[in-house]
Each structure stands twice: as structure tokens, then as C-alpha cells.
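J.: Give me a 3D structure for the following:
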Amino acid sequence: MKKQAAVFFLNEKKIYFAMPDSGGSLNFQQSYSIEEFLSGDKRFKLSPDRASNISIDLLIVPDYWISTKSYKFNSKNRAVIESFIKRKIPGSGNFFEYELYHTDSAEQFLRVYFFDEPKFFLVYEKLLSFNIQPGKITSYAFLWQQKLNTISNFSQAETGFIHLRKDECSLYFYEKGQFVFSRNIKLVSAADISENFDLLTYEINQSLHLFSQQSKKNIDRFYLLSGNKQDASLLSQKLETEVLTAEFSIPEQPTLQKNVEDLTPFTFFSAADLDYSGNLLCITHNDVKNAEKWGIVLKTGIIVGIFFFLLMIGEAVYISKAGRFQIQNKDIQSSIALEETISNFSEAVDQLSTEITRPDYQNLIIKVIESLPDNIRISEIKIETDPVQQVNLKGVVKASGHSELQDKLSIFLSGLKKNIKSAATLSIDDINIKDFKSSAIEKFYDFEFRFKLS
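T.: Prediction:
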């Protein structure tokens with residue numbers, strides 16, 4: 001039975017569950033306190049008779065559960081980037097996503113999004129215990145980012161977005177269309193507008209200071225979404241900068257069929273806004289990513305296999321029918337042609353088998369990079385295939401002396417043995433230390449070694 005797609009929402013205190021109906025809206029089912037959800041030893045009641053047939057199509061988490069880091073990075077190769085992220089942010093595990101961007105001086109940077117909130121991993125593990133693995137994971141910041149992309153020059157400017165509600169306000173800050181950070185502010189009193197705007201002005205100015213520290217830039221423009229048209233003018237006076245009104249309306253077709261007060265921000269998003277096949281930024285577990293990639297490869301392989309199978313049947317039928325009307329020597333020629341076809345097909349199968357057993361060199365290089373400790377740089381990776389398949393590595397170690405050099409190389413070898421089975425027999429004696437260059441403070445040692453691929 002095909003599992004039914006669902007959407008889960010989380011805020012600071014609760015987890016909510018909704019199912020799509022035939023009209024495309026989300027039918028709110030139930031909510032639980034996060035503590036209740038994590039401590040419960042019984043299957044939570046998603047809906048009658050359907051608890052085991054649920055897949056989480058989308059999991060929406062609080063913005064503060066997601067952290068960001070930026071690095072100057074020249075490569076655009078996904079495999080190299082992912083290997084770099086795993087080394088730099090080991091705590092990210094299998095949950096991270098990234099975006100590339102360029103500064104005004106044309107330098108390329110890498111912005112990484114990852115989970116740094118322990119409660120997320122507890123919730124995720126609890127869902128897995130119910131045999132439910134979330135597909136895509138996003139947040140309000142990414143949902144708003146997708147919506148703000150409809151504004152002119154959003155991807156070229158530094159933008160502040162203010163979502164003012166009855167008793168709280170959310171602030172979002174974006175650098176050239178990419179999310180940097182957000183803040184949620186509890187208002188003093190819904191009745192005291194002046195006091196609320198004073199508080200809001202103070203919090204926005206504090207956030208602007210933080211944004212300028214992180215991005216080395218200033219916000220170019222602000223957009224405000226609120227229920228009062230006069231709020232933008234009043235906030236412009238307080239901030240002494242122009243605040244524009246964001247023209248986002250509540251969808252005619254409600255996304256949630258039942259009004260849930262804690263999920264008021266979600267009323268501005270339509271079912272189309274949740275379509276993660278578009279521009280919605282999501283963080284996905286690497287296992288889910290790989291399953292999606294292999295699913296595409298498998299489907300393509302099946303289609304190609306069926307095509308060639310039908311082609312061979314058609315060729316055999318054609319040869320068979322043509323042979324009925326040919327003289328004996330042409331019948332022999334047809335037989336030879338069929339044998340050649342079978343022979344060529346057999347050779348192709350042999351070649352395919354050889355390719356399948358051939359090591360994945362791209363993955364091999366990634367495994368080498370993942371094994372590197374700090375202060376070791378690889379200068380050359382050479383893979384030989386004839387007469388023996390082997391890997392030749394050259395690099396440089398920065399170390400204070402021979403003792404630290406031995407420690408660094410031992411850590412490197414341990415990583416190689418863990419990631420590459422054929423490197424299991426390597427020892428420190430297999431490494432050739434050629435020479436070193438030194439300064440008054442640091443020493444740099446050149447090294448090289450090789451190992452066979454089994």
C-alpha cells in the first residue's frame with residue numbers, strides 16, 4: 001500500500017500533524033507537546049487505521065533549530081563540497097544543505113545550513129522509531145525566502161523582512177536572497193502600540209548590528225507584513241529608514257482547514273508554497289538523497305533495458321521472417337549475422353561487468369579527502385590502472401617537529417584504513433618523508449606513499 005504524504009509542524013513547544021485532503025488543503029489532525037511526544041512509549045494517534053501508512057512529505061521546524069556558517073570556497077563540485085562540510089562541521093552528521101554565492105569582489109563563498117539543536121535529533125529519532133522518516137525538512141525562514149523571491153532584485157540585495165502579528169513579531173534577514181538568521185520577539189501588549197514599536201525598534205537595531213558583523217554589509221531595504229496599513233509608516237519613522245509594505249495576501253483556498261492559533265504564520269502559505277520540487281530550500285538526510293538518486297538511476301536502467309530487449313526481439317523476428325524467403329547461402333549469412341549480434345551483445349555484457357567491478361575513482365578521491373586531518377594537504381593524487389591498480393599520494397604536513405609529524409600521519413593512515421578497505425595494511429613505514437622546508441616558527445614536510453586497490 002502506498003503511504004500517504006503528511007506535513008508535520010514544530011514550534012518551541014508543540015508538534016502538529018496534518019494530512020492533505022482531496023482539495024489540496026491540509027486537514028489538521030492532532031497536536032502534542034514535544035515533551036509528551038518524546039516521552040510517550042505508544043504510537044501517537046495520527047488518524048484511525050492509518051498510523052502505519054504515513055510518510056512525512058515535509059517537516060517544518062523552528063528557524064532557530066537551523067544554524068548557518070560561511071566559508072570562502074572555490075570549487076563548485078558537489079562531492080568536494082559535501083566532503084568539506086563533513087570535515088568542517090562533523091556535528092552536522094547527515095543533515096546539511098548549502099548555497100554558493102559571490103561577494104562584490106567576485107569571491108565565491110559557501111553558506112552551509114545544518115541542525116545545531118539537540119531536540120531536533122531527538123524528534124527525528126522518535127519519528128524513526130515509528131517507522132516514519134521525514135522526506136524534506138524546512139523552516140519558515142526558507143518558506144518566506146521562496147515567497148520573497150518574487151520581489152524584484154531580492155537575490156541582489158540585502159533584505160530585512162518583518163512579520164508583525166498580534167502578540168509577537170518575527171524578523172528575517174537575507175543576504176543576496178539567502179537566509180542568514182532570524183529572531184522571534186514577544187510583544188509587551190497588543191493594546192500598547194507605542195511601547196511595542198519602541199521594543200521592536202530596539203530589537204531591529206540590535207539585529208542590524210549582528211547582520212553587519214556577520215555579512216560586513218548593511219540592509220538595503222525592509223519589508224513589513226502586518227494587519228495594519230499604518231504600521232509601515234510608523235516603523236519607518238522609528239527606524240529612520242523606509243519600510244515597505246509586503247503585498248502578501250492570505251490564499252483564497254486555506255492551507256489549513258482548521259484554524260490553529262500557534263500556526264498563524266502558516267496561513268500566508270498556499271499548498272503551492274510547500275512544493276519542494278521548486279525553489280523551496282530544504283535539508284534532507286543523505287540516505288533520503290541517495291535513495292532519490294538511485295531511484296532515478298534504477299528507473300532509467302529499467303527503461304533502457306526494456307528498450308534494448310524489445311530491439312533484440314524485433315531484430316530476431318525480422319531475421320527469422322526474412323530467412324523464409326532467402327536461398328540457403330543467404331540463410332547462412334543471416335545465421336552468421338545473428339551469431340555476430342549475440343557475440344557483440346556478449347562482449348558488451350563482459351565490458352559492462354568489467355566497468356561495474358572497476359573502483360569508483362571519484363568516490364575514492366572523496367574518501368581520501370575525508371581522511372585528512374588538519375595541517376595535512378594533498379598535492380597530488382595519481383591513480384594507476386595498468387599493470388596494477390594502485391593509488392599514489394603526495395602531500396605536505398605542517399608540524400612543529402618529528403614527533404608531531406608522526407602523530408599527524410598516523411591519524412591520516414587511521415582515516416584511510418577506516419574509509420578504504422584496501423588501505424588496511426598501510427603502516428607509517430610505508431610513507432617516504434622526502435625533505436622539509438622550515439621557517440622560524442613552522443616546518444613543512446613533503447611525503448609520498450602508495451597502496452594497491454584490491
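J.: what's stretch 229-236 in contact with?
T.: Residues outside stretch 229-236 that contact it (CB atoms under 8 Å, 6 or more residues apart in numbering) are 162, 164, 193, 197, 200-201, 222, 224, 226, 242-245. Yep, even glycine has a C-beta here, placed from its N, CA and C like the rest.
J.: got it, and stretch 194-209?
T.: Against stretch 194-209 from outside (CB under 8 Å, 6+ apart): 160, 162, 164, 169, 171, 173, 181, 183, 185, 187-190, 218-219, 234-235, 238-239.
J.: tell me the mean pLDDT over it?
T.: Averaging pLDDT along stretch 194-209 gives 91.
J.: again with stretch 362-377
T.: For stretch 362-377, the per-residue pLDDT averages 82.
J.: Measure how far it is from the centre of its chain, please.
T.: 21 Å (CA atoms, centre = their mean, to the nearest Å).
J.: got it, and stretch 385-397?
T.: Per CA atoms, centre = their mean, the centroid offset for stretch 385-397 relative to its chain is 32 Å.
J.: Ok, stretch 400-408 next?
T.: Worked out by CA atoms, centre = their mean, stretch 400-408 lies 37 Å from the chain centre.
J.: Buried residues, it. List them.
T.: For stretch 400-408, a neighbour-count test (16 or more other CB atoms under 10 Å) marks Leu405, Lys408 as buried.
J.: Can you list the neighbours in contact with it?
T.: Pro373, Asn375, Ile376, Val397, Ala399, Ile428, Ile433, Glu442, Lys443, Tyr445.
J.: After the helix or strand hosting Leu413, which helix or strand is next?
T.: Using DSSP states H and E, Leu413 falls within helix 402-419. Proceeding N to C from helix 402-419, the next assigned helix or strand is strand 432-438, under DSSP H and E.
J.: Closest to the mean position in this protein, which residue would that be?
T.: For the chain, Glu97 is the residue whose C-alpha lies nearest the centre (CA atoms, centre = their mean; 3.1 Å).
J.: OK, contacts around it?
T.: Val112, Tyr113, Phe114, Leu281, Cys282, Ile283, Thr284.
J.: On the three-state scheme, it is what?
T.: strand (DSSP: H, G, I helix; E, B strand; the rest coil).
J.: that older thread, are any of the contacts of stretch 194-209 buried, and if so which?
T.: 160, 162, 164, 169, 171, 173, 181, 183, 185, 187, 219, 234-235, 238-239.
J.: and those residues, which of them are in helices?
T.: Among those, the members found in helices (DSSP state H) are Leu234, Leu235, Lys238, Leu239.
J.: from those residues, which is closest to Pro134?
T.: When these are compared for distance to Pro134 (CB to CB), Leu235 wins out at 36.7 Å.
J.: measure that closest one to Lys229 for me?
T.: Separation of Leu235 from Lys229 (CB to CB, to the nearest Å) stands at 12 Å.
J.: can you check Tyr16 too?
T.: From Tyr16 to Lys229 the distance is 31 Å (CB to CB).
J.: Looking at these two, which one has more neighbours?
T.: Tyr16 (21 against 8; other CB atoms under 10 Å).
J.: Regarding that one, what is its secondary structure?
T.: Going by three-state DSSP: Tyr16 is strand.
J.: Write the ChimeraX selection for whichever of the contacts of stretch 400-408 are buried.
T.: Here is the ChimeraX command that selects the buried residues among the contacts of stretch 400-408 (16+ other CB under 10 Å):
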select :375,376,397,399,433,443,445
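J.: Restricted to strands, list the contacts of stretch 400-408.
T.: The strands, defined by DSSP state E, take in Ile376, Val397, Ala399, Ile433, Lys443, Tyr445 from the contacts of stretch 400-408.
J.: closest to Leu128 among the buried ones among the contacts of stretch 194-209?
T.: Looking across those and measuring by CB to CB, the closest to Leu128 is Phe181, at 28.9 Å.
J.: which residues sit in contact with the closest one?
T.: Taking CB under 8 Å, 6+ apart as the test, what Phe181 contacts is Thr68, Phe173, Ser207, Leu210, Phe211, Gln214.
J.: Number of residues surrounding the first one?
T.: In other words, Thr68. Neighbour number of Thr68 under other CB under 10 Å is 18.
J.: In which helix or strand does it reside?
T.: Assigned by DSSP H and E, Thr68 falls in strand 66-72.
J.: picking up where we left off before, export the contacts of stretch 229-236 as a markdown table, with columns for distance to Ser83 and secondary structure.
T.: Shown next, in a markdown table, are the contacts of stretch 229-236 (distance: CB to CB, whole Å; DSSP: H, G, I helix; E, B strand; the rest coil):
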| residue | distance to Ser83 | secondary structure |
| --- | --- | --- |
| Ile162 | 38 | strand |
| Leu164 | 43 | strand |
| Ile193 | 52 | helix |
| Phe197 | 48 | helix |
| Leu200 | 43 | helix |
| Thr201 | 44 | helix |
| Phe222 | 39 | strand |
| Leu224 | 42 | strand |
| Ser226 | 45 | coil |
| Glu242 | 44 | coil |
| Val243 | 43 | strand |
| Leu244 | 42 | strand |
| Thr245 | 45 | strand |
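J.: In JSON lines: those, plus distance to Leu274.
T.: Formatted as JSON lines, the contacts of stretch 229-236 follow (distance: CB to CB, whole Å):
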{"residue": "Ile162", "distance to Leu274": "23"}
{"residue": "Leu164", "distance to Leu274": "23"}
{"residue": "Ile193", "distance to Leu274": "33"}
{"residue": "Phe197", "distance to Leu274": "33"}
{"residue": "Leu200", "distance to Leu274": "29"}
{"residue": "Thr201", "distance to Leu274": "33"}
{"residue": "Phe222", "distance to Leu274": "26"}
{"residue": "Leu224", "distance to Leu274": "24"}
{"residue": "Ser226", "distance to Leu274": "23"}
{"residue": "Glu242", "distance to Leu274": "32"}
{"residue": "Val243", "distance to Leu274": "28"}
{"residue": "Leu244", "distance to Leu274": "26"}
{"residue": "Thr245", "distance to Leu274": "25"}
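J.: Quick one, which of these are buried?
T.: Among the contacts of stretch 229-236, the ones that count as buried by 16+ other CB under 10 Å are Ile162, Leu164, Phe197, Leu200, Thr201, Phe222, Leu224, Ser226, Val243.
J.: Would you check how far apart Phe120 and Asp167 are?
T.: Counting by CB to CB - Phe120 and Asp167 are separated by 26 Å.
J.: Run through the stretch 251-400 of the chain and note the low-pLDDT ranges.
T.: 251-267, 271, 275-278, 286-301, 304-305, 307, 309, 315-360 (pLDDT under 70).
J.: one more time with 80
T.: 251-279, 285-363, 385-387 (pLDDT under 80).
J.: Let me know the average pLDDT across the strand holding Thr68.
T.: pLDDT averaged over strand 66-72 gives 91.
J.: The helix or strand that comes right after it - contacts with which helices or strands?
T.: Beyond strand 66-72 on the C-terminal side, the first helix or strand identified by DSSP H and E is helix 78-88. When contacts are defined as 3 or more CB pairs under 8 Å, 6 or more residues apart in numbering; DSSP states H and E, helix 78-88 sits against strand 66-72, strand 96-102, strand 108-115, helix 361-370.
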